[in-house]
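In: okay, sequence plus prediction incoming.
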Amino acid sequence: MRRRVAWRRIAPGAVAAGTLALLLSACGDGLPEPATEQADDTARLWIVFLVAAGVVGGATMALILWAALRYRRRSDELPDQRHSNVKLEALYTAVPVLIVAVLFGLSVVAEEEVTHLSDDPDVVVDVVGYQWQWSFTYPDERVESLPGPAGELPELVLPVGSSVRFNLVGADVIHSFWVPEFLSKRDLIPGVHNSIEVTVTRPGVWTGRCAEFCGLDHWKMSFTVRAVAPEEYEAWLDERRAAAA
């Protein structure tokens, strides 16, 4: 009897401790700080999935612990042999379906935001990936950014607060345009027109990479991304035009 009373006292605490430990283990989203509006949409969706996974995992662990402690063997008496519980079965079928439906709907909404292309972006950049470097051309501004001498990385300069369209072209094999702070990447496939659009929300300097193994010197395919105020962006354009002239 004393042992039974002791277990009844310990069980709620054990369930609560297990649930708390599981939820605390999910603290922190593990993402770079978003630098674009589209990245914010992706980050919000990721956090929703993370919280949903924590809640489902915590509830599952709590139910397992509760069942193990509440219905542990206490005697040689044969337990209830009921073969079904229709209400319970309907509940644990409906709840997962509802969770998946909600997450699917949120995913569709986020995807629409991330992949949306405006009719008239503020800036257009033609991005060409080739073995094993990048070139960035601003056709409307008649400016080009190429790799510099002695391995100097090409620089992609973007104005904060403006919509930027990247037209992605693979010159030889498949490459992948990836800036971690944008929380997205897109392949450059020879013969396939691919575009992505972002609106940078904060100034900063980041490193972009090719995220698709493309050959022996794939590791060299990095570039610099510099997000600046609109005035500084215009000054950079003027500087590039003067240098080209």
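Out: The structure has been received and is ready for your questions.
In: quick check: phi and psi on residue 85?
Out: Residue 85 adopts backbone torsions of phi -140, psi 100, taken as degrees, to the nearest 10.
In: gap between it and residue 74?
Out: Going from residue 85 to residue 74 by Cβ to Cβ, to the nearest Å gives 22 Å. Where C-beta positions appear, they are placed from N, C-alpha and C, glycine not excepted.
In: repeat that for residue 147.
Out: For residue 147 relative to residue 74 (Cβ to Cβ), the value is 74 Å.
In: if you count what's nearby, which of those two comes out ahead?
Out: residue 147 (16 against 10; other Cβ atoms under 10 Å).
In: who's in contact with that one?
Out: 133, 134, 135, 153, 154 (Cβ atoms under 8 Å, 6 or more residues apart in numbering).
In: check contacts around the most centrally placed residue in the chain.
Out: In the chain, the centroid-proximal residue (Cα atoms, centre = their mean) is residue 183; its distance is 4.7 Å. By Cβ under 8 Å, 6+ apart, the contact set of residue 183 is 31, 32, 34, 36, 38, 39, 42, 43.
In: let's see that with 6 Å instead.
Out: Shown in contact with residue 183 (Cβ atoms under 6 Å, 6 or more residues apart in numbering): 34, 39, 42.
In: what does the pLDDT read for it?
Out: On the pLDDT scale, residue 183 is placed at 93.
In: and residue 147, by the same measure?
Out: On pLDDT, residue 147 comes in at 87.
In: and after the host helix or strand of residue 87, which helix or strand comes next?
Out: Counting by DSSP states H and E, the element that carries residue 87 is helix 86-115. Using DSSP H and E, the helix or strand that follows helix 86-115 towards the C-terminus is strand 123-130.
In: name the helices or strands packed onto that next one?
Out: strand 133-138, strand 163-170 (3 or more Cβ pairs under 6 Å, 6 or more residues apart in numbering; DSSP states H and E).
In: what's the first helix or strand after the last one?
Out: The first helix or strand that comes after strand 163-170 along the chain, using DSSP H and E, is strand 175-179.
In: what's the angle from that following strand to strand 133-138?
Out: Interaxial angle, strand 175-179 versus strand 133-138 (axes from the mean of the first three to the mean of the last three Cα atoms, to 10 degrees): 70 degrees.
In: if we can go back for a sec, so what secondary structure elements neighbour the helix holding residue 87?
Out: helix 37-70.
In: many thanks, we can stop here.
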